[in-house]
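J.: got a sequence here, can you build the structure:
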Amino acid sequence: MDSLTHIVLGAAIGEVTLGKKIGNRAILWGALISTIPDLDVFITPLLKPVNALFFHRGISHSLFASIILIPIIGFILSRIEKRKNIELRTWIWFTSLPLFSHIFIDCFNTYGTAIFEPFSNVRISYDSMAIIDIFFLLPLLIFTIWALFVPFQKKTRRIAAWISLSLVTLYFLFTLVNKQ
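T.: Here you go, the predicted model:
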């Protein structure tokens, strides 16, 4: 998926998990966490073109890297947001959702993802969604923009987040059925 899709998906996940407790910072943290696997693009210019192609969506998109990063990022967030008295395990759970969602949805487009690196170079690719899929992106983008202008105490904000995540989940399931 494209970076914008990962950002708004992470933002929506942030809202439904911790939005009630930390407001717009949940949207921000969710968006930032969901972009972490794609930060490998800063290394790819240093590689030969063929190697760069295989490096992206390689180890940075693996379950191995995620399992290492999740507790580290969760701990860092618990220190940054310590005045909110949110337990470390909640921060770890919060971190895992946008990170795993990034890796998971990348497995459903053409290029696939090497989720088992460094143990296997096999790329998982179901090819049921486009890299830039407007039907997946649009509900999340509309929600994220709208939520930034609604006070985080409002229940409608979480309801809208759940609706947008439900719509993209239904669309995602549609793409799987359609592929079959």
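
J.: quick one, helices of this structure?
T.: 3-22, 24-35, 49-55, 63-80, 88-106, 134-147, 155-179 (DSSP state H).

J.: buried stuff in the worst-scoring helix or strand of the chain on mean pLDDT?
T.: When the helices and strands of the chain are scored by mean pLDDT, DSSP states H and E, helix 49-55 comes last with a mean of 83. Under the neighbour-count criterion of 16 or more other C-beta atoms under 10 Å, helix 49-55 has residue 55 buried. (Each C-beta comes from the backbone N, C-alpha and C, glycine too.)

J.: give me the residues contacting it.
T.: Residues outside helix 49-55 that contact it (C-beta atoms under 8 Å, 6 or more residues apart in numbering) are 40, 43, 44, 45, 47, 114, 121.

J.: what's the farthest-apart pair in these?
T.: 45 and 121 (21.7 Å; C-beta to C-beta).

J.: related to what we said a few turns ago, I'd like the contacts of helix 49-55 laid out as CSV, including pLDDT, distance to residue 172 and neighbour count.
T.: As requested, the contacts of helix 49-55 are exported to CSV (pLDDT from 0 to 100; distance: C-beta to C-beta, whole Å; neighbours: other C-beta atoms under 10 Å):
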residue, pLDDT, distance to residue 172, neighbour count
40, 90, 24, 17
43, 90, 29, 12
44, 87, 28, 16
45, 89, 32, 8
47, 89, 32, 13
114, 93, 21, 25
121, 89, 26, 10
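
J.: what's the burial count for residue 146?
T.: Residue 146: 14 surrounding residues under other C-beta atoms under 10 Å.

J.: how about residue 149?
T.: Residue 149, neighbours per other C-beta under 10 Å, totals 7.

J.: ok, now how distant is it from residue 34?
T.: Taking C-beta to C-beta, to the nearest Å as the measure, residue 149 falls 21 Å from residue 34.

J.: how about residue 114?
T.: From residue 114 to residue 34 the distance is 18 Å (C-beta to C-beta).

J.: cool, residue 145 as well?
T.: 17 Å.

J.: which one of the two is surrounded by more residues?
T.: Remark: of residue 145 and residue 34, residue 34 carries more neighbours, 29 against 11, as counted by other C-beta under 10 Å.

J.: show me what contacts that one?
T.: Contacts of residue 34 by C-beta under 8 Å, 6+ apart are 6, 7, 9, 10, 11, 13, 98, 99, 101, 102.

J.: what about the closest residue to the second one other than its chain neighbours, distance to residue 24?
T.: What that stands for is residue 7. Excluding the flanking residues, the one nearest residue 7 by C-beta to C-beta, 6 or more residues apart in numbering is residue 31, at 4.6 Å. Counting by C-beta to C-beta, the gap from residue 31 to residue 24 is 10 Å.

J.: so these two - more neighbours on which side?
T.: Shown here are residue 31 and residue 24; by other C-beta under 10 Å, residue 31 has more neighbours (21 against 17).
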